[in-house]
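> I would like to see how this sequence folds:
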Amino acid sequence: MKKFLFSGSPRVLILGALSAVFLAVPAQAAMAAVDTSSCVEGAFSQHFVSIKDANWYTPMAGQDAEGFNGEGWQLSNGARVVSTSLPNGTTGNVLDLPSGAVAVSPVTCVTSAYPTARAYVRNVKGGEGVAFNVEYEGTPTWGKYKNTGQIHGANGAWAPSSAVNLQPFNTSGWQPMRIVMVGKGTTSDFQVYDLEVDPRLAH
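All right, here's what the predicted structure looks like:
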């Protein structure tokens with residue numbers, strides 16, 4: 001029979017054993033059971049192919065052929081839908097986010113294979129950008145969103161943002177999620193159009 005020698009106080013040994021147990025808990029244990037029966041795949045297209053991004057994307061809810069309609073979004077602290085010139089030169093609706101404004105998307109369903117999102121952004125005033133945050137239902141982030149990056153535009157002109165991380169959990173199945181965007185700075189103003197998520201599909 002093997003003999004094991006321990007050093008240190010019983011309290012230290014117990015805490016060490018508990019730490020090992022928690023570290024061994026798989027990622028999916030961080031997610032409580034949630035209803036995903038309404039989750040379905042969206043429509044996919046190579047939306048940013050004109051800027052040499054061949055990934056396939058699906059749009060977030062609250063957008064249509066006229067631009068950003070805000071349906072299902074929660075807009076506060078000055079966030080609003082405005083009509084302006086779109087990246088293609090036509091006139092349509094966009095999400096306007098002055099400093100401190102908050103826009104919370106409707107719940108959308110992603111999986112661990114949906115790693116990023118992208119949008120067109122315009123810096124109307126200031127250059128701090130828009131804080132990009134996510135919250136996942138059934139996790140500690142729900143109602144207490146976590147920051148995953150920032151999206152920037154160009155001064156006065158539309159520009160595609162870089163890909164921003166959605167940080168889905170490494171578990172199987174659908175994960176209901178909301179995106180929360182916050183205008184940064186103190187006297188700035190930003191506009192967002194065409195917010196799309198990237199499921200990294202193979203076509």
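
> Please tell me I have it right and Gln191 contacts Thr84.
Yes: Gln191 is within contact range of Thr84, at 6.8 Å (criterion: Cβ atoms under 8 Å). Where you see a C-beta, it was placed from the backbone N, CA and C, and this is true even at glycine.

> more crowded one of these two?
Per other Cβ atoms under 10 Å, whichever of Gln191 and Thr84 has more neighbours is Gln191, with 21 against 15.

> which is the next helix or strand following the lowest-mean-pLDDT helix or strand in the chain?
Between all helices and strands in the chain, the lowest mean by mean pLDDT, DSSP states H and E belongs to helix 10-24, at a mean of 38. Using DSSP states H and E, the helix or strand that follows helix 10-24 in sequence is strand 58-59.

> Run me through the strand neighbours of the helix or strand following that next one, direction for each.
As assigned by DSSP H and E, the chain's next helix or strand after strand 58-59 is strand 63-64. Partner strands and pairing direction for strand 63-64 (DSSP bridges) are strand 67-68 (antiparallel).

> Just the residues contacting the partner strand, thanks.
Gly62, Val81, Leu86, Gly92, Asn93, Val94, Leu95, Val192, Tyr193, Leu195 (Cβ atoms under 8 Å, 6 or more residues apart in numbering).

> The first one reaches Gln74, doesn't it?
No: counting by Cβ under 8 Å, Gln74 is not a contact partner of Gly62; they are 10.4 Å apart.

> just to revisit the earlier point, I'd like the contacts of strand 67-68 laid out as a markdown table, including neighbour count, secondary structure and distance to Gln167.
Output for those, formatted as a markdown table (neighbours: other Cβ atoms under 10 Å; DSSP: H, G, I helix; E, B strand; the rest coil; distance: Cβ to Cβ, whole Å):
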| residue | neighbour count | secondary structure | distance to Gln167 |
| --- | --- | --- | --- |
| Gly62 | 18 | coil | 21 |
| Val81 | 17 | strand | 27 |
| Leu86 | 19 | coil | 29 |
| Gly92 | 19 | strand | 30 |
| Asn93 | 18 | strand | 29 |
| Val94 | 26 | strand | 26 |
| Leu95 | 29 | strand | 22 |
| Val192 | 23 | strand | 19 |
| Tyr193 | 20 | strand | 23 |
| Leu195 | 25 | strand | 16 |
